[in-house]
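Asks: the following block contains a protein sequence and its predicted model.
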Amino acid sequence: MKALIFLLFFVIEMCFSQSVKKEMVIDKSIIELVKSNDAEGVREALECGIDVNTKDSRGRSLLLLAAVGKKIKISKLLVEYGADVNLQDQQLDSPFLYAGANGQTELVKLFLQNGARFDIFNRYNGTALIPACERGHVETVKFLAYTKGFPINHVNRLGWTALMEAVILGDGSLKYQQIVQILKNGGAKDIADKDGVTALEHAYRLGFSQIAKILES
């Protein structure tokens, strides 16, 4: 009897060990499935119980990897299975912050509909809006600036708002003029930087006369 009990215990232990090993292998492969844009493979892995918030060695979640790869279908699939849109990696990027910074308006909308938070910031202590302004992503800026409750006047670690970055890190071209107008319409204030210089003063200094007119109007 003791021998039989021992044999059963051994078999159960072996099965459990194999199950753990199998899950570890799938956890690793689902990262590759996301990178290779294999939506069906990802779905099958998730249906087998793999954690939808699995991370790679750099702390990037599956959803962040999908956003980085501009994989809209897989992003929607992961969100459908409950992926955390606010989960940050080692350098504090999250799917929502990354999508905003890179002008992926469709994903920004998707993430906002699925729990995107405004009090989680990037490595510069900035919002999704600030780098969107810096990089000239007009449509993303428009969407975020007009989103109810979004902290349009948030000041990052550099002492800059979204409006400030649009002026001092932009080139004064039409898209930056549009962004400044959008921000102003959305309630942005001309908050001075750490040196006490306003966005209007920077616009004059840089020769951005059209932006200066918008700020003055």
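Replies: Happy to help now that I have it.
Asks: could you use CA atoms for every contact and neighbour count after this?
Replies: Fine.
Asks: helix or strand for residue 64, which one?
Replies: helix 62-68 (DSSP states H and E).
Asks: show me what that helix is packed against.
Replies: For helix 62-68, the elements it packs on are helix 2-35, helix 72-80, helix 95-101, judged by 3 or more Cα pairs under 8 Å, 6 or more residues apart in numbering; DSSP states H and E.
Asks: distance check, residue 169 against residue 123.
Replies: 18 Å (Cα to Cα, to the nearest Å).
Asks: skip the chain neighbours and tell me the closest residue to residue 183.
Replies: residue 145 (6.2 Å; Cα to Cα, 6 or more residues apart in numbering).
Asks: does the one you found touch residue 181 like I think?
Replies: No - Residue 145 lies out of contact with residue 181 (Cα atoms under 8 Å); the separation is 10.7 Å.
Asks: more neighbours, these two?
Replies: Shown here are residue 145 and residue 181; by other Cα atoms under 10 Å, residue 145 has more neighbours (24 against 17).
Asks: for the more buried one, list the residues it contacts.
Replies: 129, 152, 182-183, 186 (Cα atoms under 8 Å, 6 or more residues apart in numbering).
Asks: mind putting the residues you listed into a markdown table with pLDDT?
Replies: Putting the contacts of residue 145 into a markdown table (pLDDT from 0 to 100) gives the following:
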| residue | pLDDT |
| --- | --- |
| 129 | 98 |
| 152 | 98 |
| 182 | 98 |
| 183 | 98 |
| 186 | 97 |
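Asks: for residue 109, state which of those residues is nearest.
Replies: residue 129 (12.9 Å; Cα to Cα).
Asks: pretty sure the closest one sits against residue 101.
Replies: Yes - at 6.8 Å, residue 129 and residue 101 qualify as touching, with contact defined as Cα under 8 Å.
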